[in-house]
Each structure stands twice: as C-alpha cells, then as structure tokens.
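Peer 1: Fold the following and give me the result.
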Amino acid sequence: MPIDLTASEMQQLLIALAAVAAFGATLVLAWPWVFRDRLAERIDVIENGARQSGRAGRSRNEANGAKRSLLFAKEPNRIFSEIVERLSLVRLADESGASQLLRMAGLRGRAPLIAYLASRLIAATAMPAFAFAYIKFILQPDLPLPVILAMASAASIIGFALPKLYVRNLISKRHNSLRRSWPDALDLLLICVESGMSSEAAFRKVAEEIGAQSRELAEEMSLTTAELAYLSDRRKAYENLGTRTGLDSIKATVIGLIQSEKYGTSLGQTLRVLAKESRDFRMSAAEKKAAALPPKLTVPMIVFFLPVLFAVIATPAVIQAIGGQ
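Peer 2: Numbers count the residues shown, from 1 in each chain. The predicted structure is shown next:
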C-alpha cells in the first residue's frame, strides 16, 4: 500500500538518507586507514627494498631518455588548436611571455602552449556560469539579478588566473629541485672536467648521474648537452640553460662558463669557485629559513600554548579562592 508522508516527514527522511550516505562515503574513504592490512604493508616493505637496488640503474635510463622525451612532444589537442588559431592567441602569448613561463615549468613544445592558452580562455568563460549557478541556486541570496550577474562575472578573472597559478606552482617545485641538486651537479661536473672530459661529455655524464637526485636537472643537462653538440654557438647553449631555469645560481654558473669559453681560462678553476659559491648560497638559504622560524612560531605559541599555561597556573589559585569562600 502507498505510504503518505507529509512535507516535514519527507524532509526529515531526505536528511536521514543524506546523513547515511555521507557516513558511508566517509567510512569507505577511511577504511584503508582504520582497518589496515598489516600483511600487505610487510610485503610492500620487502618489495620497496628490492626496488631500491635497481633504482639507480633506472634513473640512468630515465636521464638518457629525457632527451628523447624533449624532442618528441605530444600533438596538441584539435579543439584547443582550433580555439587558439581562430582567436590568434599565439601572438598574444609571445608578447606576454607565456612560452618562456612554460619552459621554466618544464613544459616544452607547441602542445603545452596551446593547452595553456585554451585553458585560460575556457576557464575565464566557464567560471562565470558556475559562479552564477552556485550563487543563484545554492546560496540563494536575497539580491537583485544584476548584482548576482556582476558577482558571477567577476569569477572570470579567477578562471583566467587559475592556469597561470598552476604553472607558477610547477615552476616553484621545479626551482626547489634544481636549487637543491645544483651544487652536487657542479661538483660532479668539476670531477668530470678535471678527469679530462670535454664539456659536452661532462654534461652528458652529469645528466646520467644526477637523475637519481633530480630528474628536472637531468632533463636540463641533457638538453644542454644536445644544444652544445648541435648549435654553432656554444655561448647560446649556456645562455639557454640559464633562461630555461631562471635561477640566479645557475645564471652565475652560465656567466662563468661563457667567460671561460671566451677568454680561455681554466674551466676546472671556474667550476671549483662556482661550486663553492653554490654550496654557500644553499647554506645561507637554509640559515635564512631557520632564522625566520621563531617569528613564525610566535603566533601559534600565543594562541595555543599560553592559554593552556595560564590555565594550569591559575586553576589552583582559583580553586583555593572558591574553597576559602
């Protein structure tokens, strides 16, 4: 027989079903952490130990294949290509420096550029629609329609900036990896040069060895090796390395390498001085972060530590005062 429910009972039933669904989703997501498979964890530990021995050999193969991955890029998406070509966005990208920004993020070739330009346009167009639907049907504010449309149109600025923010995040992560590994790469480069290798062979060897520590740096060194071999001007290859990375320490090394090529000075002595400066720069950056830690801890200590300390100190006195009354 049919069940007749009032509006309030139907609303309570929907709330109960939503609560059960939310509890089930939370339980499904938390299941691997609440009920952990100890046997599988032990097996993973054993397998990780076995993989560790072969990781160095695979890193060399990845460094060797980095050059091939740089030369053979994916084809751009057809829809994105149509959007970019019809609106002539490539010319605007050259003026705004989007190509250089993508190269600094490790995204080379035409496909990433077209995807970046098209995604900025699509996001700027789609975000106002999503914002309008969210404000109108979810928030449901008591506002006139023109005000809601103005608020939704402002979301186009956010959508236009999101792809650039994502690329800058990639650049920041890439810079951190390059900055940590560059002093070690200079030491390896110095050893190779002093052993009698040419600069091309030294860059190739360092690219193979540094891949286990930083794949990003291995890619840059491999690309520099290819440019040293194929470009007629070796200075241009060094300048491209500094331009692609955008790090001051690497740019200083590039200047030293160019001067060594130009004036015929000892490359080994130049690399020794540059390696020492890079290590000092890395140490000073670590000291700077350590010096900035106490001011950052001041607010959390005031908010979380001092109230508890005051409570522990003042509670006995308050209890005695209440008991004395």
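Peer 1: Tell me where the chain is predicted with low confidence.
Peer 2: Within the chain, the ranges that satisfy pLDDT under 70 run 1-25, 27-74, 92-96, 324-325.
Peer 1: Walk me through the domains of it.
Peer 2: What the record gives for the chain is the domain set 69-172, 177-288, from automatic domain parsing.
Peer 1: start to end distance for the last one?
Peer 2: By that I understand domain 177-288. End-to-end distance of domain 177-288 (CA to CA, to the nearest Å): 18 Å.
Peer 1: So what's the gap between it and the chain middle?
Peer 2: 23 Å (CA atoms, centre = their mean, to the nearest Å).
Peer 1: Repeat that for the first one.
Peer 2: For domain 69-172, the separation from the chain centroid amounts to 18 Å (computed by CA atoms, centre = their mean).
Peer 1: rewinding a little: mind putting the domains of the chain in CSV, distance to residue 310 and mean neighbour count included?
Peer 2: In short, each C-beta sits where N, CA and C put it, glycine included. Shown next, in CSV, are those (distance: least, CB to CB, whole Å; neighbours: other CB atoms under 10 Å):
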stretch, distance to residue 310, mean neighbour count
domain 69-172, 40, 15
domain 177-288, 33, 18
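Peer 1: what's downstream of the longest helix seen in the chain, the next helix or strand?
Peer 2: Ranked by residue count under DSSP state H, the longest helix found in the chain is helix 155-194. Where DSSP states H and E defines the elements, the next helix or strand beyond helix 155-194 is helix 199-209.
Peer 1: quick check: angle from that next one to helix 155-194?
Peer 2: Counting by axes from the mean of the first three to the mean of the last three CA atoms, to 10 degrees, helix 199-209 lies at 120 degrees to helix 155-194.
Peer 1: moving C-terminal of helix 199-209, what's the next helix or strand?
Peer 2: Counting by DSSP H and E, the element after helix 199-209 in chain order, helix or strand, is helix 215-230.
Peer 1: tell me which strands and helices that next one is in contact with?
Peer 2: helix 38-71, helix 155-194, helix 199-209, helix 234-245 (3 or more CB pairs under 8 Å, 6 or more residues apart in numbering; DSSP states H and E).
Peer 1: which residues touch stretch 180-188?
Peer 2: Stretch 180-188 is contacted from outside by 205-206, 209-210, 213-214, 217, 221, 247, 249-250, 253, 271, 274-275, 278-279, 282, using CB atoms under 8 Å, 6 or more residues apart in numbering.
Peer 1: rerun that using 10 Å as the cut-off
Peer 2: Stretch 180-188 is contacted from outside by 178, 202-203, 205-218, 220-221, 245, 247, 249-250, 253, 271-283, 285, using CB atoms under 10 Å, 6 or more residues apart in numbering.
Peer 1: what's the answer for stretch 189-199, then?
Peer 2: Under the contact criterion CB under 10 Å, 6+ apart, stretch 189-199 has outside partners 201-206, 209-210, 221, 224-225, 228, 234, 237-238, 253, 257, 260-261, 266-275.
Peer 1: measure it end to end?
Peer 2: Terminal residues of stretch 189-199 are spaced 8 Å apart (CA to CA).
Peer 1: With residue 165 as the reference, measure out to residue 316.
Peer 2: Distance of residue 316 to residue 165, given as CB to CB, to the nearest Å: 52 Å.
Peer 1: repeat for residue 226
Peer 2: Taking CB to CB as the measure, residue 226 falls 31 Å from residue 165.
Peer 1: gap between the strand or helix carrying residue 296 and the chain center?
Peer 2: In this assignment (DSSP H and E), residue 296 forms part of helix 293-300. Offset of helix 293-300 from its chain centre (CA atoms, centre = their mean): 25 Å.
Peer 1: mind saving the C-alpha coords of that helix as PDB?
Peer 2: Only the C-alpha atoms of helix 293-300 are listed here, as PDB (Å, rounded to 0.1, in the frame of the first residue of the first chain):
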ATOM      1  CA  LEU A 293      61.200  30.200  12.100                       C
ATOM      2  CA  PRO A 294      61.000  31.900  15.600                       C
ATOM      3  CA  PRO A 295      58.800  34.800  14.300                       C
ATOM      4  CA  LYS A 296      56.500  32.300  12.600                       C
ATOM      5  CA  LEU A 297      56.100  30.300  15.800                       C
ATOM      6  CA  THR A 298      55.200  33.400  17.900                       C
ATOM      7  CA  VAL A 299      51.500  33.500  16.900                       C
ATOM      8  CA  PRO A 300      50.900  29.700  17.300                       C
END
